[in-house]
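*Asks:* After the sequence you'll find the predicted model.
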Amino acid sequence: MASKLAEMLTNLGSRVTSAAWRLGFASRFFLMILMYSGTSLRRFHLTIREIYFAGVLSLIIILVSGLFVGMVLGLQGYDTLQRYGSAEALGVLVSLSLVRELGPVVSALLFASRAGSAITAEIGLMKATEQLSAMEMMAVNPIARVVAPRFWAGVVSMPLLAALFSAMGIFGGYLVGVKLIGVDEGSFWSQMQASVDFREDIINGVIKSFVFGIIISWIAVFEGYDSEPTAEGVSGATTRTVVTSSLAVLAADFILTAFMFRGA
C-alpha cells in the first residue's frame with residue numbers, strides 16, 4: 001500500500017514538474033518571439049504570406065459558420081422574445097450575442113481548428129525533416145524566419161476574422177428575422193443601432209479577439225517547435241494545439257468578460 005502511494009506521488013510530482021517546465025519554456029519562447037519580431041517584420045512579405053495562409057484561407061469556414069450561427073440566433077431569439085412581446089428587439093439580441101461573445105469565441109475556436117493546427121503541423125514537419133536545423137547551420141534564426149511571421153499573422157488575422165464572423169452572423173439573423181419571419185426591418189436595425197455601444201461592446205469584442213489571436217498563435221507555434229521530430233510527435237502536437245487552444249480561449253473569455261462587463 002505504501003509503495004503504491006509513493007509511486008502515485010512520484011508520478012504526480014513528475015507530471016507537475018513536467019508541466020511547470022513546459023510552461024516556463026513556453027514563456028521563454030514567447031519572449032524570444034517578441035525579441036526577434038523586429039528582424040521578422042523587416043521582411044514583411046513573410047508575414048503577408050502567412051496572413052494569407054492563416055487568414056484568407058480561413059474565410060470560407062468563418063463566413064459560412066457565421067451565417068448559420070446568425071440564422072440560428074434569429075430563429076431561437078425570435079421564439080424566446082415573442083413570449084414576452086419583444087420580438088422587435090431581435091436585432092439587439094443577435095448583434096449583442098455576436099459582437100460580445102459568439103463572434104470572438106466561435107471564430108477563435110474555428111481559427112484554432114483550421115489555422116492553428118496547420119501552423120503546428122507545418123513547423124513540426126519542418127523540425128522532423130531537419131529544415132530548422134539546416135537554417136541554424138546556415139546562421140538563419142528559425143524563430144525570426146519561421147516562427148515570428150506565423151505568430152504575427154495569427155495575431156493580425158484573428159480580429160479581422162472575428163469581425164467578419166459577427167457581420168455575417170448579423171446578416172444571417174436579418175435574413176431569418178426580417179425576410180423569413182417578418183420582423184419589422186426598421187425596428188430590427190434601429191434598435192440594434194441604439195443598443196450596441198461602440199466602446200462597451202464592439203471595442204471589447206475586438207480586444208477579446210486580439211487576445212485570443214495571441215493565445216492561439218503562441219500555442220500553435222510553440223507546440224510545433226517543441227514537437228517530437230516524428231510522425232507521431234507531429235500528430236500529437238497538432239492535437240494538443242487544438243485542445244489546449246480551445247480550453248485556453250474559453251478560460252480567457254471568462255476572465256475577460258468578468259473584467260469588461262462587471263459594471264454592465
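*Replies:* Nice, I can see it.
*Asks:* what ranges of the stretch 151-264 of the chain fall below the confidence cut-off?
*Replies:* Filtered on pLDDT under 70, the stretch 151-264 of the chain yields the residue ranges 262-264.
*Asks:* any idea how far Ser217 lies from Met137?
*Replies:* As judged by CB to CB, to the nearest Å, Ser217 and Met137 stand 27 Å apart. Any C-beta I mention is one placed from the backbone N, CA and C, and that applies to glycine too.
*Asks:* One more: Leu160?
*Replies:* Distance from Leu160 to Met137, by CB to CB: 37 Å.
*Asks:* For those two, indicate the residue with more neighbours.
*Replies:* Neighbours per residue (other CB atoms under 10 Å) separate Leu160 from Met137, with Leu160 holding more: 19 against 9.
*Asks:* Now name the helix or strand holding the more buried one.
*Replies:* Per DSSP states H and E, Leu160 falls inside helix 148-174.
*Asks:* Following the chain past that helix, name the next helix or strand.
*Replies:* Taking DSSP H and E, what comes next after helix 148-174 is helix 185-195.
*Asks:* elements contacting that next one?
*Replies:* With contacts taken as 3 or more CB pairs under 8 Å, 6 or more residues apart in numbering; DSSP states H and E, helix 185-195 sits against helix 90-96.
*Asks:* tell me the angle of the next helix or strand after the helix it packs on relative to helix 148-174?
*Replies:* Where DSSP H and E defines the elements, the next helix or strand beyond helix 90-96 is helix 103-111. Here helix 103-111 runs at 120 degrees with respect to helix 148-174, directions being taken by axes from the mean of the first three to the mean of the last three CA atoms, to 10 degrees.
*Asks:* which residues are in contact with helix 103-111?
*Replies:* Residues outside helix 103-111 that contact it (CB atoms under 8 Å, 6 or more residues apart in numbering) are 54, 58, 61-62, 65-66, 69, 154, 157-158, 161-163, 165-166, 169, 205, 208-209, 212-213, 216, 245-246, 249-250, 253.
*Asks:* Let's see that helix as PDB, backbone CA atoms only.
*Replies:* Only the C-alpha atoms of helix 103-111 are listed here, as PDB (Å, rounded to 0.1, in the frame of the first residue of the first chain):
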ATOM      1  CA  GLY A 103     -18.200  36.300 -32.700                       C
ATOM      2  CA  PRO A 104     -14.800  36.300 -30.900                       C
ATOM      3  CA  VAL A 105     -15.200  32.900 -29.200                       C
ATOM      4  CA  VAL A 106     -16.600  30.800 -32.100                       C
ATOM      5  CA  SER A 107     -14.300  32.300 -34.700                       C
ATOM      6  CA  ALA A 108     -11.400  31.700 -32.300                       C
ATOM      7  CA  LEU A 109     -12.300  28.000 -31.900                       C
ATOM      8  CA  LEU A 110     -12.600  27.700 -35.700                       C
ATOM      9  CA  PHE A 111      -9.300  29.500 -36.200                       C
END
